[in-house]
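# what follows is a predicted protein model with its sequence.
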Amino acid sequence: MRKKDFTLIELLVVIAIIAILAGMIVPSLGSAKQSALSIQCFSNFKQIGLAFMNYTDDFSGILPPYYNKITVQANGKLKGDYSGARSWWKSDRNSELIAHYIGVESDKGIPLGGWYKSRADEGGGLYTHPLACPSRSIPPNYAAGTRITPIGMGTTLIWGTASETARPKPIGRLHWPSRGMLVMERTLIVDTPLINYYCNVLTGSDSTYAADFPHKDQSTTIFLDFHVEQMKRSSVPDQKLNSKAWKTTFWDPFTTDPTYNNW
């Protein structure tokens, strides 16, 4: 008995069903890939947070500074001295403060968790830090010799400026360390790993020092008790004109007023 062949209509129906199934599966695979990359970024931040914690333990509870070299001015105030200083965000052996705790020192000039676009005499390539977030990439328009930093420290914690804020920041002064931001993801910028509470994309303001939310509107954040969260944009205290968000423990972890711990 002769076996019945598929008709053209039946074949087209099968192809249509396969196309529909493929259309349903492919976006799911893309979403799963993005989730996996986001998880890897979270894991990288946990390693960085552990390095911050180990530094703080080794230096009697003093948080890693933006720059570690300070001088006393004639008026008795402390001033940040950037020449020859070490910093938390560098990874070169002679200039880093926390990279050796992670075991990922590099003499290529790559910032911690970022990228370095080398000059022609250095090979002209793009060097990527081992802890760079795999779901982020740099635009092609950065000039050669550029260091791109994707992580920013809250400006309240910096003691490398030319003022009294140059004083070291002891973690023992914090009342709510689990509610204060240490570092978080920021818009990609050259050599300035800062985040200002008053310069943030939360309100759509145009700023140089802005936080970024690259993971489905979330930003990977290390808190001052060194735990890591992926913060939703809506969960981060906003700072609209005349708001008090800048006083919150998230942006100013040294505040002693419990009113501002309710963000």
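Nice, I can see it. Numbers count the residues shown, from 1 in each chain.

# alpha carbons only for contacts and neighbour counts from here, please
Will do.

# ok, Ala36 to His215 distance?
Distance from Ala36 to His215, counting by CA to CA, to the nearest Å: 11 Å.

# quick one: which of the two has more around it?
Higher neighbour count among Ala36 and His215: His215, with 19 against 14, using other CA atoms under 10 Å.

# tell me the contacts of that one?
Ser38 (CA atoms under 8 Å, 6 or more residues apart in numbering).

# mind checking how far it is from Gln40?
11 Å.

# likewise Cys133?
Counting by CA to CA, the gap from Cys133 to Gln40 is 7 Å.

# same deal with Gly180?
23 Å.

# ok, the two, which is more surrounded?
Taking other CA under 10 Å, Gly180 and Gln40 do not tie; Gly180 has more neighbours (25 against 17).

# the more buried one touches Trp251, doesn't it?
Yes. Between Gly180 and Trp251 there is a contact under CA atoms under 8 Å: 6.5 Å.

# what about Phe42, which SS state?
Of the three states, Phe42 takes helix under DSSP: H, G, I helix; E, B strand; the rest coil.

# now the residue lying closest to it once chain neighbours are set aside. Its backbone dihedrals?
Distances taken as CA to CA, 6 or more residues apart in numbering place Thr220 nearest to Phe42, at 6.4 Å, with adjacent residues excluded. Here is the backbone geometry of Thr220 (degrees, to the nearest 10): phi -70, psi 130.

# what is the burial count for the closest residue to Pro134 other than its chain neighbours?
Nearest residue to Pro134 in three dimensions, chain neighbours excluded: Leu37, at 5.8 Å (CA to CA, 6+ apart). Leu37 has 17 neighbours, counted by other CA under 10 Å.

# you'd agree Leu37 is in a helix?
Yes. Under three-state DSSP, Leu37 sits within a helix.

# if I read this right, it contacts Ser135, doesn't it?
Yes. Leu37 is in contact with Ser135 according to CA under 8 Å; the separation is 5.4 Å.

# show me the strands in the stretch 101-250 of the chain, by range?
With strands called from DSSP state E, counting those that start in this stretch, the stretch 101-250 of the chain shows them at 115-117, 126-128, 146-154, 181-190, 194-195, 218-223, 228-232.
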